[in-house]
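> How does the following fold in three dimensions:
(2 chains)
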2 protein chains.
Amino acid sequence: LLNTFGKAENRIALANWARKKSNNPIVELLSLAAQPGLVSFALGLPAPELFPIELYKQAVDFVLTTDEWALQYGAPYQPLKKHIVSLMARRGVECHEDQVFLTTGAQQGMALVTRLLLDHCGQVICEETVYSGFQQVIEPLQPSIITVSTNLETGLDVEAVESVLASGRRAAFIYTIPDGHNPLGVDLSPDKRAYLVALARRYGVPIIEDDAYGFLHYDDSQALPMRALDDQWVFHIGTFSKILAPGLRVGWIIVPRHLISRMSVAKESIDIDTCTFTQRTIAAFMEIGNLSEHISMLRQEYRTRRNAMASALNEYFPAETQWTFPDSGFFVWVELPLATDVGGLLRTVIEKEQVVFIPGESFSVNPASPASHGLRLSFSNCSLNLIEEGVKRIARTLKTFL
Amino acid sequence: LLNTFGKAENRIALANWARKKSNNPIVELLSLAAQPGLVSFALGLPAPELFPIELYKQAVDFVLTTDEWALQYGAPYQPLKKHIVSLMARRGVECHEDQVFLTTGAQQGMALVTRLLLDHCGQVICEETVYSGFQQVIEPLQPSIITVSTNLETGLDVEAVESVLASGRRAAFIYTIPDGHNPLGVDLSPDKRAYLVALARRYGVPIIEDDAYGFLHYDDSQALPMRALDDQWVFHIGTFSKILAPGLRVGWIIVPRHLISRMSVAKESIDIDTCTFTQRTIAAFMEIGNLSEHISMLRQEYRTRRNAMASALNEYFPAETQWTFPDSGFFVWVELPLATDVGGLLRTVIEKEQVVFIPGESFSVNPASPASHGLRLSFSNCSLNLIEEGVKRIARTLKTFL
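Coordinates of the predicted model:
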C-alpha cells in the first residue's frame, strides 16, 4: 500500500511564521563559538560556581524521603507560592498566594501572558531594542510591533507610549524589563514607572513587567516594581533562574486574581504542570536554606564582576565608544561609532581572540535600528581575570575596525 | 499622577479564544471531587506507589555530586537522547539522536508541533472523540477541526480521512493516539496504520502520533508505531510521564531531521530549555537502573488493574451498556444508552457515592457527538479493591438513571 501511493514530492508545510524564518547567522556564529577556552560574554548565564549545591542536595533528599507526591502530576504547590509571596514582599510588592501563578521559568511566563492577551495580528508596544526572547514568543502571532525608544539613563520613553495610546492605537499590552534591562542594562526611573502605570490604567492596556533580574540589584536603593504600584494592570514575571538556578525551570507571574483560571487553562494546554519535583525541592530549599542570604551573596559577587567589566572598558575601550553602567542584572550595553561593522567585529574576535558577545542587531525590532551599532556584554559567567582579558581582546580588534 | 488619570472602567481585554471560554462545569465538578476518601477514575494519573523512588534518589545524588552543569541552562542532553533512541528501538522505531527533540512532557510536544505546523484559522484532522488536551492546545489558533469517527475495535476511520484529503481540504496535520487511545482505550489496527501513513505521504499531510501510552501494552504482540513505517511524515511524541514519573516533565518528539532547528526556535520561545536537572537525572537513572525491567513490571501491574476493572464492569454494569477492553494505556470507555443524563449521573455519584469519572462530552469536538453518552474510567491510580468498589457504586446509581 505504501508503495502504490508513492511519495509526495513536497515537504511538510510549515506555519507561516516558521516558513518565513531564515537561518539566523548569529546562531551559526555562536555555534562556531562553542569551543573550549573561549571567553564568553554572550549568554545571560548565572555563575554555576555560585549555585548552592549542598543545600539543594539536602532539599532534594528531604523531598524524596518525605513527600509521596513529589514525582506525580499535581496542583501548583501552595508552600512554594507562600515563599514567593514573602520574596515579593522584600521588593515592596504585596500580593496573595491566589495571585501567584507558577510557570516553567520566566520565558513561559511571557508565553502564557501573550497567549492570554494577544490575538493573531494584534498589536503590542515594546522598546525598539528588546530582549530577543520576547520577539520570539510573539512572532507566531504575527503582531504589529509598535516600538518606542529607550533612554540609556532612565529607560523606556514613556511619553512615546502615551502618544501611541492617545492616537487610539489599541495594544494588547506594553512589555518592558524595568530592572537590569536586557540588553541595555538600564533601570526604568521611578517617575517613569509611576507614569507608565498611570497610562496602563487610563488606557486600559496592561503592562508585562519582566523581572528576571530585579533581585540582583547593586545599589542600596532600588525603585519599586510597577506591580507594587498597581495590582490590576501589571503582570509581574519573576523567576528562580538567576537567584537560585535556571536548570530547575521554575518561575512565576503575579496575576490579577480573576485571571488565574484562564491562565490555568493556557498553562495546562502547553505543558500541564510546572515540574512538580523542582517546585517541591525549591520550596524545601527555602525552608532549609536562606534564600535572602544567598541573594545578598549573589549581589555582592555580581557587583564585583560588573565593576571589573566597567574598569576594563574604561581602561581599554576607545574614546569613541560608550557604555551603560548597570545598577541591576547581567548586561553592559556598548555603543560603537555609527558605521562600525559589528558583525565583522564579532567574527574577527571569535576567530582571532576567542571572545564572543552578542551583536546589537539581535535585539532590534527593525533592521535599521540604533541597536545595530551596539553590542551586549554579559559579565555574569566569567571570572574577574577573564572579564578584563576578554574586554582587552575585543578592544584590540575593535581599534582595527574604527 | 496615578490619581489624576483615574482608573479605566474596563477590565483587561483578553485574546478572542480566552474571552469566549466559559467556565468549564466539569472542572468545577472535579474540584468538588477533591475530597479525601474519594474513589477517582477521573484522571490519567500513574500509580505513585510504582515510582522507582530509591533508584531515582541514587540518580539524583549521583548527578548533584558529579555534574557541574546539572543546574545550569544547557543544550538538550545528548546521553538522554541516546537512551531514547534505544528505548524507541524496543518499539521497532529506528531513529537517530539528531531526530530526537526533548520536550517538557508530551503535552508540550503537541504544543510545539502545533506551533510549527498550524496557522491561525488553519485546518486539522482528528477524531470526533479526542484527548481534551489536544483541543486545548489548538484552541487559541481557532482552527477548523475536521473530525472523523473512531471504531471501538480498530481505531480511527482512515477511509474518512482519505475522503477529506481527496476532497482537496488542506489540513496542517492528522492527530491521533494509536496505542491506548485517550479516552476510547482502543489501539489503531496495523492495517489502518499502514493506510494512514500512505495517506500522509500521498497527500503530504503529516501525522502527529501521540504515544503517551504505547509502552504500556498488555498483550504480547503490539502493532508498530507509525513512525516505524515512515520517518518523514510522522511526528512521534513520547514521554517519561507514564513509564517513569510525570512530575519530572520530560518527553520527546521524533522529528524529521531538517525540522530540528525550527523546533528549537519554537521551544526556546516558550520555555528556553527542558528542565536540565530532570533531563540529567533521568539519564542517570537509565544508567543505574533498568528502565526496561521497570516497564515490564508496570505492564504487569496495570494489566492486573485493567482486568479488575473489566471484571467489575462485567459483574455490575447493566446489559444496556458496553465498554472497551484496552490493550494499552489507562482508560476504559463506557457507552451508556443514548438518552442517559451523564452529567446528572456524575453529579450523583460524586455526591452520594464518592466516586468520580470524566463524562464523555469532555472529549467531544462537537456538542451533539456520540461521546456525550459515554464516560471515561481510568484504572491506573486505584487499588484492585477500590476498582471493584468504585465500579459497583457507579453501577448502583446508574440503574436509577436508565
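> I figured A:Leu196 was touching A:Asp157, is that so?
No - taking contacts as Cβ atoms under 8 Å, A:Leu196 lies outside contact range of A:Asp157: 10.3 Å. Using the backbone N, CA and C atoms, a C-beta is placed for each residue, glycine as well.
> more crowded one of the two?
Under the neighbour definition other Cβ atoms under 10 Å in any protein chain shown, A:Leu196 and A:Asp157 were set side by side, and A:Leu196 has more, 26 against 17.
> Flag every residue of the stretch 201-350 of chain A that's near chain B.
Within the stretch 201-350 of chain A, the positions adjacent to chain B are A:201-204, A:206, A:229-230, A:232-233, A:241, A:245-249, A:256, A:258-259, A:261-262, A:265-266, A:268-278 by Cβ under 8 Å from any Cβ of the partner chain.
> if you set the cut-off to 7 Å instead, what comes out?
A:201-204, A:206, A:245-249, A:256, A:262, A:265, A:268-273, A:275-278 (Cβ under 7 Å from any Cβ of the partner chain).
> So which of the residues you listed belong to helices?
Residues from these lying in helices, with DSSP state H as the criterion: A:201-203, A:262, A:265, A:268-271, A:276-278.
> quick one: least confident helix or strand in chain A?
Least confident helix or strand of chain A, by mean pLDDT, DSSP states H and E, is helix A:2-5 with a mean of 40.
> which residues touch the closest residue to A:Asp273 other than its chain neighbours?
Excluding the flanking residues, the one nearest A:Asp273 by Cβ to Cβ, 6 or more residues apart in numbering or on different chains is A:Tyr73, at 5.7 Å. Counting by Cβ atoms under 7 Å, 6 or more residues apart in numbering or on different chains, A:Tyr73 touches A:272-273, A:276, B:45, B:246-247.
> now swap in A:Ala368 and tell me
Under the criterion of Cβ under 7 Å, 6+ apart, A:Ala368 has no neighbours.
> again, 10 Å this time
A:Glu361 (Cβ atoms under 10 Å, 6 or more residues apart in numbering or on different chains).
> ok, A:Ile358 touching A:Thr129?
No - if you go by Cβ atoms under 10 Å, A:Ile358 and A:Thr129 don't touch, sitting 11.9 Å apart.
> Just to be sure, the residue nearest to A:Asp273 is in a strand?
No - per DSSP: H, G, I helix; E, B strand; the rest coil, A:Tyr73 lies outside any strand segment and is coil.
> Can you report how many residues lie near the closest residue to A:Glu127 other than its chain neighbours?
For A:Glu127, ignoring the flanking residues on the chain, the nearest one in space by Cβ to Cβ, 6+ apart is A:Thr150 at 4.8 Å. By other Cβ under 10 Å, the residues close to A:Thr150 number 24.
> hang on, isn't A:Thr150 packed against A:Leu188?
Yes - look at A:Thr150 against A:Leu188 with Cβ under 10 Å: they come within range, at 9.1 Å.
> helix or strand for the most centrally placed residue in chain A, which one?
Of all residues in chain A, the one closest to the mean position by Cα atoms, centre = their mean is A:Ala212, 5.4 Å from it. Using DSSP states H and E, A:Ala212 sits within no helix or strand.
> Repeat that for A:Gly238.
Per DSSP H and E: strand A:234-239 holds A:Gly238.
> In the sheet, which strands lie alongside that strand, parallel or antiparallel?
With DSSP bridges as the test, strand A:234-239 is paired with strand A:207-210 (parallel), strand A:251-254 (antiparallel).
> Kindly reformat the ones you listed as CSV containing mean pLDDT and distance to B:Leu184.
Converted to CSV, the strands paired with strand A:234-239 look like this (pLDDT from 0 to 100; distance: least, Cβ to Cβ, whole Å):
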stretch, mean pLDDT, distance to B:Leu184
strand A:207-210, 98, 41
strand A:251-254, 98, 36
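> If you drop the residues flanking it in sequence, what lies closest to A:Asn321?
Careful, residue A:321 is Thr; it's not Asn. Leaving aside its chain neighbours, A:Thr321 sits nearest to A:Leu336 (5.5 Å; criterion: Cβ to Cβ, 6+ apart).
> about what we covered before: which neighbours do A:Thr150 and A:Leu188 have in common?
By Cβ under 10 Å, 6+ apart, the residues touching both A:Thr150 and A:Leu188 are A:156, A:176, A:181.
> pLDDT score for the last one?
Read it as A:His181. pLDDT for A:His181: 98.
> Could you tell me whether it really is in a helix?
No - A:His181 is assigned coil when assessed by three-state DSSP, not a helix.
> got a list of what it touches?
A:127, A:129-131, A:150, A:152, A:155-156, A:187-188, A:210, A:213, A:324, A:326, A:328-329, A:331, A:333.
> Buried ones in the helix or strand containing A:Ile387, by neighbour count?
In this assignment (DSSP H and E), A:Ile387 forms part of helix A:384-399. Neighbour-count burial for helix A:384-399 flags A:386-391, A:393-395, A:397-398 (criterion: 16 or more other Cβ atoms under 10 Å in any protein chain shown).
> quick one: which of these is nearest chain B?
A:Leu386 (17.0 Å; Cβ to the nearest Cβ).
> check contacts around the closest one.
Applying Cβ under 10 Å, 6+ apart, we find A:Leu386 in contact with A:38-41, A:305, A:308, A:355, A:379.
> ok, back up a step: pull out the buried residues from the residues of the stretch 201-350 of chain A next to chain B.
Burial by neighbour count, judged by 16+ other Cβ under 10 Å, picks out A:201-204, A:206, A:245-249, A:256, A:262, A:265, A:268-273, A:275-278 from these.
> tell me the mean pLDDT over stretch A:137-144?
95.
> correction: stretch A:309-321
The average pLDDT for stretch A:309-321 rounds to 97.
> what's the answer for stretch A:226-236, then?
97.
> what do you get for stretch A:387-396?
For stretch A:387-396, mean pLDDT rounds to 98.
> So what touches it?
In contact with stretch A:387-396 (Cβ under 10 Å, 6+ apart) are residues A:38-41, A:304-318, A:321, A:332, A:334, A:345-346, A:348-349, A:352-357, A:375, A:377, A:379, A:381-383, A:398.
> Run a quick neighbour tally on the residue in the stretch 301-402 of chain A that chain B sits nearest to.
Of all residues in the stretch 301-402 of chain A, A:Asn381 sits closest to chain B, at 9.1 Å by Cβ to the nearest Cβ. Neighbour count of A:Asn381, defined by other Cβ under 10 Å: 22.
> Let's verify it: helix, strand, or coil?
What three-state DSSP gives for A:Asn381 is coil.
> how many neighbours does A:Gln135 have?
By the criterion of other Cβ under 10 Å, A:Gln135 has 17 neighbours.
> swap that for A:His96, sorry
For A:His96, the neighbour count with other Cβ under 10 Å is 11.
> And the one 4 residues further on, by the same measure?
Around A:Val100 sit 24 other residues, with neighbours defined as other Cβ under 10 Å.
> That one bridge partners, please.
A:Ile254.
> give the contact list for A:Val314.
One correction, residue A:314 is Asn, not Val. Applying Cβ under 10 Å, 6+ apart to A:Asn314 gives the contacts A:323, A:325, A:391.
> Below-threshold pLDDT in chain A: ranges please.
Scanning chain A for pLDDT under 70 picks out A:1-10, A:21-34.
> The same query, at a cut-off of 90, please.
Applying pLDDT under 90 to chain A picks out residues A:1-11, A:19-37, A:220, A:289-290, A:339, A:366-372, A:402.
> Please say which of A:Ile358 and A:Thr129 ends up with more neighbours.
A:Thr129 (28 against 24).
> Ramachandran angles for the more buried one?
Per-residue torsions, A:Thr129: phi -110, psi 110 (degrees, to the nearest 10).
> Can you give me the distance of it to B:Ala172?
Look at A:Thr129 and B:Ala172: by Cβ to Cβ, to the nearest Å, they are 34 Å apart.
> and what of A:Gly390?
Where B:Ala172 is concerned, A:Gly390 sits at a distance of 46 Å (Cβ to Cβ).
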